[in-house]
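Peer 1: fold the following and give me the result.
(chains A and B)
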Amino acid sequence: MMHLTEEEMIGQVYGEGENAAAVERHLDACRQCTEAFAELQRDLSEVDRVAAPARDAHYGERVWAAIADSLPVYAVQKRRLWSSGLVKGLSYAAACALLVGCAFYAGRLWELKKQPTTAKVEQKAPQVKQPIPIVVVVLDDHLDRSERFLVELKHADMDSTAMASPMRDEARTLLAANRVCRKNVGQTDDPELTTALDHLDSLLADAANEPGGLNAKSIARLQDKMNSDGLLFEVRVLRSRISNHKLAGNNPAKGGTI
Amino acid sequence: MDKNDHAAIQAVLAGDKEAYGALVVRHSHIIFRVAFRITGNEADAEDVVQEAFLRGYRKLEGFESRSNFGTWIYRIAVHCALDKVKQRRGDETSRVGETNDPEQDQLQVADDAAGPDRLLLSGEIGSMQQTALQSLTATERTAFVLRHMEDRTTVEIGAALGIEPNAAKQAVFRAVQKMRRRLAPLRVAT
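Peer 2: Okay, the predicted model is just below:
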């Protein structure tokens, strides 16, 4: 039988043995250990509790009087409590709120990045800016300007070159507008208008792209072309018809964008 | 925690130094008792009491309101007493090894005590016990006093000494072993 060690018995005396129940059972069964344990208890009981010398009722006051002068006043402590308590707490709360805000904002950005591409296109489509200036061409006005150009061409002085350059510039402007009108008219079922604009396009193209600019010969050729097609007449009829529609309340303007 | 202690601490931290006086008056007797048991000297115990309350005042900012001021100042006093004993017995502490070897203990501890017959005849048993306590290292003596006389658990002793509970337990065991050997002649004589 293994006997108890002195450590085990000391632990048992002070009630801090690791296996008190087992020690107790062993002490019941082992006379040698029981005697040793009793001896230990007797030894420790003989060690008196050291009785401290008595101190009178005013002892505490004397201690306080002895140390009071050497103690500083916690004058700033009130402020420190304020700062370490409320302000510190508010600071933490503000920092937490900022952190939550940043996390929320980052989350929103992340969501936007994760959205399908189609949705992005739908959002951005209206914002796309056309690099080309938008020119609304009203067919009525176009025909009016074209008629004036054709009248001017019909009565052009073949010996004067002063009018040649402005006419070519006007022809180029009208050509661009005419192509827009042709494109829009092509979507309608109006063969008369389509044919007239085709003829006009051909003539304006010749006037605008005449190599070396307009001269007596090219003007004569353009006049022949205009007369053979009856273009001036066609334009006048069309302009009259559209003007009548306009007066009747219909929307005569057909235009587009360049 | 005692509401009065808590109120006094709040008042001190708010700038009312005199409020600390109430804490000193309330706890000084207990502090003196443990200081005397550890140092074994009345004058040293008086010094320890004052030093403990001075340290407590300086550390009051770090005192947690959930704690018990009595327990807190008690631990500070134990530290102060331990420092006092070490300071007084510095050479002796370094000479006495922390060992369980009985032969080594007997060789290391200086024995200035009188013989058992004389002690019994002159009624100086208490003095012999004091001598036995003095033979312990500062840590052993403090651990033994806290365990045997102050009824503190090894966990509390470890906290007061700043060591692990198991180390505190071992210190108590070593102290008891040494005390029994030192007091063995007294037992034979009786």
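
Peer 1: where's the residue nearest the centre of chain B, which helix or strand?
Peer 2: For chain B, the residue lying nearest the average C-alpha position, counting by C-alpha atoms, centre = their mean, turns out to be B:I38 (3.1 Å). Taking DSSP states H and E as the criterion, the element that holds B:I38 is helix B:19-39.

Peer 1: for the next helix or strand after that helix, name the packing helices and strands.
Peer 2: On the C-terminal side of helix B:19-39, the closest following helix or strand by DSSP H and E is helix B:42-58. Secondary-structure packing of helix B:42-58 (3 or more C-beta pairs under 8 Å, 6 or more residues apart in numbering or on different chains; DSSP states H and E): helix A:59-67, helix B:19-39, helix B:69-88. Using the backbone N, CA and C atoms, a C-beta is placed for each residue, glycine as well.

Peer 1: can you list those in CSV and add mean pLDDT and distance to A:R241?
Peer 2: What follows is those, written out as CSV (pLDDT from 0 to 100; distance: least, C-beta to C-beta, whole Å):
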stretch, mean pLDDT, distance to A:R241
helix A:59-67, 94, 117
helix B:19-39, 93, 108
helix B:69-88, 90, 108
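
Peer 1: where exactly do the helices run in the stretch 1-150 of chain A?
Peer 2: Using DSSP state H, counting those that start in this stretch, the helices assigned to the stretch 1-150 of chain A run over residues A:6-13, A:20-29, A:31-46, A:59-67, A:77-82, A:88-114, A:117-124, A:139-154.

Peer 1: quick one: which of the ones you listed is nearest chain B?
Peer 2: Shortest separation from chain B across those is recorded for helix A:59-67, at 3.3 Å, computed as C-beta to the nearest C-beta.

Peer 1: in the closest one, what's buried?
Peer 2: Of the residues in helix A:59-67, those with enough neighbours to count as buried (16 or more other C-beta atoms under 10 Å in any protein chain shown) are A:Y59, A:G60, A:R62, A:V63, A:W64, A:I67.

Peer 1: picking that back up, and the residue nearest to the residue nearest to the centre of chain B when sequence neighbours are not counted, how far from B:A52?
Peer 2: Once its chain neighbours are removed from consideration, B:I38 has its nearest residue in B:A81; the separation is 3.8 Å (C-beta to C-beta, 6 or more residues apart in numbering or on different chains). Using C-beta to C-beta, to the nearest Å, we find B:A81 at a distance of 8 Å from B:A52.

Peer 1: give the residues shared as contacts by the two.
Peer 2: Counting by C-beta atoms under 8 Å, 6 or more residues apart in numbering or on different chains, the contacts common to B:A81 and B:A52 are B:A35.

Peer 1: enumerate every residue touching the residue in chain B that chain A sits nearest to.
Peer 2: For chain B, the residue positioned closest to chain A under C-beta to the nearest C-beta is B:V25, at a distance of 3.3 Å. Applying C-beta under 8 Å, 6+ apart to B:V25 gives the contacts A:G60, A:E61, A:V63, A:W64.

Peer 1: ok so, going back, winner for burial among the helices and strands packed on helix B:42-58?
Peer 2: helix B:19-39 (a mean of 22; mean count of other C-beta atoms under 10 Å in any protein chain shown).

Peer 1: not counting sequence-adjacent ones, nearest residue to residue 144?
Peer 2: No chain was given, so I picked chain A. By the measure of C-beta to C-beta, 6+ apart, the closest residue to A:D144 outside its immediate chain neighbours is A:R239, 6.2 Å from it.

Peer 1: that answer is for a different chain, and I need it for chain B
Peer 2: For B:F144, the spatially nearest residue (C-beta to C-beta, 6+ apart) is B:A175, at 3.6 Å.

Peer 1: between helix A:31-46 and the helix or strand encompassing the one you found, find me the angle.
Peer 2: Counting by DSSP H and E, the element that carries B:A175 is helix B:165-189. In this structure, helix B:165-189 runs at an angle of 90 degrees to helix A:31-46, with axes from the mean of the first three to the mean of the last three C-alpha atoms, to 10 degrees as the basis.
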